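[1] Coordinates for the following, if possible.
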Amino acid sequence: MNKDKISFWILYPLIFLISKLPLWILYGVSNALYYLIYYIIGYRKKVVKKNLKLCFPNKSEKERLQIEKKSYRHFVDIFIEMLKGFGIPQKELDRRYKYMNPEIFRELEKLDKSVILLGAHQGNWEWLFNINNHTSLKCYGAYTEVENPYFDKYVKENRGRFGSHFIPTYETIPTIISNHKKGVKAMYGLLSDQSPRPSKTHYWAPLFGNVVPIHTGAEMLASRFNFAVIYMHVEMPKRGHYEITFELISEAPERTDTYPLTDLYWEKLERDIVANPGIYFWTHNRFKHMRKDLKNEKIYVKKK
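    This next block holds a predicted model:
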């Protein structure tokens, strides 16, 4: 028996047990983990402080510290909610993760085309796996493949129990091409807010006034295959409860040398982050490739 299989069978019972516990107990565990991660370990504190200072230079240190602490509490909560997702019942999920305008899917289906759903690491994106219950479109979520193949198989099968399909990020384009050729109408969920490698970047643009590389894959795919594009607003009225509102931002993206849909995505996301910065994931080093020689300028790299 190899070590990956041993690791899986050691940890699987613990994950299963955690997923069956009520969230009021799990949030108690989350409170304790918050103090451990924030005050004792100090996980990525320098990155979070840098990000908040770059994005909110006009806020006082006290205000940024309040956002920082709230974001760490939410960071731990998302980890707990991810584990709970392995065993959360459909009824509880529907009560806690509400789609505020599910009728938009009826309108999207009338377009008779596939859809790209643009999301971000804001609020909770882990519980989106029940979206398939609200649309006849075949739903796909791109995810980072788990190194342990046994855990990876478990994650895919468990997340797909409500009907959605999960594909490793590197399989996204081949899956889209295959479905497009077969005439399969689908919806592809993409989180496009993290930092791409500069060597694969086609576009640099200002985020909160800081020029950084931007993911443009969603717009390039939408324009290439004539997909509709919707944006996912996430609000958290109270702990463990989320309200998802979808907004159609393009029925038929045009192929251009610029990235208007990408700009619109970030305009909407920045607005959502400013409205509730405490539920955004600030631990990612989003500004590690920042162009310090530029300010509020855009750079277009020729597409290959």
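
[2] what about the strands in the chain?
    Listed in chain order, the strands found in the chain under DSSP state E are 97-99, 115-119, 138-143, 165-168, 186-191, 203-207, 210-213, 228-238, 241-250, 299-300.

[3] Return the most buried member of these.
    Ranked by mean neighbour count under mean count of other C-beta atoms under 10 Å, those are led by strand 115-119, which reaches a mean of 25. For every residue, glycine as well, the C-beta is placed using N, CA and C.

[4] Does anything pack onto it? Which helices or strands?
    Of the remaining helices and strands, those touching strand 115-119 by 3 or more C-beta pairs under 8 Å, 6 or more residues apart in numbering; DSSP states H and E are strand 186-191, helix 217-225, strand 228-238.

[5] got the buried residues for the second one?
    Taking 16 or more other C-beta atoms under 10 Å as the basis for neighbour counts, the residues of helix 217-225 that come out buried are Gly217, Ala218, Glu219, Met220, Leu221, Ala222, Ser223, Phe225.

[6] For the protein, just list every one of the helices.
    Counting by DSSP state H, the segments of the chain that form helices are 3-20, 23-35, 45-55, 61-84, 90-96, 104-110, 149-159, 172-182, 217-225, 260-275.

[7] wait, which of those helices is closest to Gly119?
    Evaluated with C-beta to C-beta, the helices of the chain place helix 260-275 nearest to Gly119, the distance being 9.2 Å.

[8] which of the residues in the closest one are buried?
    Using 16+ other C-beta under 10 Å as the test for burial, helix 260-275 gives Leu261, Thr262, Asp263, Leu264, Tyr265, Trp266, Lys268, Leu269, Asp272, Ile273.

[9] Let me have the helices and strands packed on strand 115-119 in JSON lines, adding distance to Leu65 as columns.
    What follows is those, written out as JSON lines (distance: least, C-beta to C-beta, whole Å):
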{"stretch": "strand 186-191", "distance to Leu65": "27"}
{"stretch": "helix 217-225", "distance to Leu65": "34"}
{"stretch": "strand 228-238", "distance to Leu65": "20"}
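
[10] on that earlier part again, quick one, which of the helices of the chain is packed in tightest?
    Per residue and on average, the most neighbours among those fall to helix 217-225, with a mean of 20 (mean count of other C-beta under 10 Å).

[11] Give me the contact list for it.
    Applying C-beta atoms under 8 Å, 6 or more residues apart in numbering, the set of residues contacting helix 217-225 from outside is 114, 116, 118, 173, 176, 180, 188, 190, 192, 202, 227-229, 250, 253-256, 259-262, 265, 303.

[12] Pro253 and Arg96: what is the separation?
    33 Å (C-beta to C-beta, to the nearest Å).

[13] cool, and Gly163?
    According to C-beta to C-beta, Gly163 stands 18 Å off from Arg96.

[14] list the contacts for the spatially closest residue to Ile104 that is not a sequence neighbour?
    Counting by C-beta to C-beta, 6 or more residues apart in numbering, Ile104 lies nearest to Phe246, which is 4.8 Å off, once chain neighbours are set aside. By C-beta under 8 Å, 6+ apart, Phe246 lies in contact with Tyr99, Asn101, Ile104, Leu117, Ile230, Tyr231, Met232, His233.
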